[in-house]
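S.K.: Turn this into a model:
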Amino acid sequence: SMVKHRICMISDFFHPNVGGVENHIYQLSQCLIARGHKVVVVTHAYGNRTGIRYLSSYLKVYYLPVQTFYNQVTLPTMITELPLLREILIREQITILHGHGAFSALCHQGIVQAGMIGYRTLFTDHSLFGFADASSIITNKFLEVVLTNVDHVICVSYTSKENTVLRAGLQPRIVSVIPNAVDALCFTPNPSAAR
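M.R.: Residues are numbered from 1 along each chain as shown. Modelled structure (predicted):
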């Protein structure tokens, strides 16, 4: 019989915001729930959307009452969310914390804090970054520090894996590739719309 996990997805990027990372977290959560795992999502408040909300398949979402400061990202304090996150991890009996997004301060804080208190941690990198501009240099250094003790990293392409390994100074053996894909059953072309 398969081991059933209790997984906490964490990122600054989630619904009602719309984007690739947001959809990835939602769809992955739905697939994991369908396989019998328990999944919760932790993100920041969006407007008046705070507290606990349930989405389809009883996906529980914690909208933490923290403010964003730039581009829907929380301020990286490394301490503000610790009591809230610890309470969620204990209450939900989490076995794995899975963070998403190199620009997500909430993800990075979650990985560091969960790792410090003994939880297994996983990070998915969804993007490619450079090495020369100020934003990339800061993000890459922050990523290198955060991923020092991560258990595993997932990238969405082989190019992304090479990029992440270089940016974060990781051993390639702890990085796996799970390519982005399109569910052909959901996105079937309409033959009548062809020109």
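S.K.: what ranges do the strands span in the chain?
M.R.: Secondary structure of the chain by DSSP state E: the strands cover 6-10, 38-44, 51-55, 59-64, 68-70, 73-74, 96-100, 120-125, 152-155, 175-177.
S.K.: Mind checking those strands for the one nearest to L82?
M.R.: strand 59-64 (11.3 Å; C-beta to C-beta). Where you see a C-beta, it was placed from the backbone N, CA and C, and this is true even at glycine.
S.K.: list the helices and strands that closest one packs on?
M.R.: Helices and strands touching strand 59-64, by 3 or more C-beta pairs under 8 Å, 6 or more residues apart in numbering; DSSP states H and E, are helix 20-34, strand 38-44, strand 51-55, helix 82-91.
S.K.: Single out the most deeply packed of these.
M.R.: strand 38-44 (a mean of 24; mean count of other C-beta atoms under 10 Å).
S.K.: partners of it, with directions?
M.R.: strand 6-10 (parallel), strand 59-64 (parallel) (DSSP bridges).
S.K.: Residues touching that strand, excluding its own?
M.R.: Here strand 38-44 makes contact (C-beta atoms under 8 Å, 6 or more residues apart in numbering) with 4-14, 25, 29, 32-33, 59-64, 66-68, 72, 74, 85, 88, 92, 94, 106, 110.
S.K.: picking that back up, could the strands of the chain be laid out in a markdown table, adding mean pLDDT?
M.R.: Formatted as a markdown table, the strands of the chain follow (pLDDT from 0 to 100):
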| stretch | mean pLDDT |
| --- | --- |
| strand 6-10 | 98 |
| strand 38-44 | 97 |
| strand 51-55 | 96 |
| strand 59-64 | 97 |
| strand 68-70 | 80 |
| strand 73-74 | 82 |
| strand 96-100 | 98 |
| strand 120-125 | 97 |
| strand 152-155 | 97 |
| strand 175-177 | 97 |
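S.K.: so can I have JSON lines of those strands showing distance to E144?
M.R.: Output for the strands of the chain, formatted as JSON lines (distance: least, C-beta to C-beta, whole Å):
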{"stretch": "strand 6-10", "distance to E144": "19"}
{"stretch": "strand 38-44", "distance to E144": "23"}
{"stretch": "strand 51-55", "distance to E144": "34"}
{"stretch": "strand 59-64", "distance to E144": "26"}
{"stretch": "strand 68-70", "distance to E144": "21"}
{"stretch": "strand 73-74", "distance to E144": "18"}
{"stretch": "strand 96-100", "distance to E144": "15"}
{"stretch": "strand 120-125", "distance to E144": "12"}
{"stretch": "strand 152-155", "distance to E144": "12"}
{"stretch": "strand 175-177", "distance to E144": "13"}
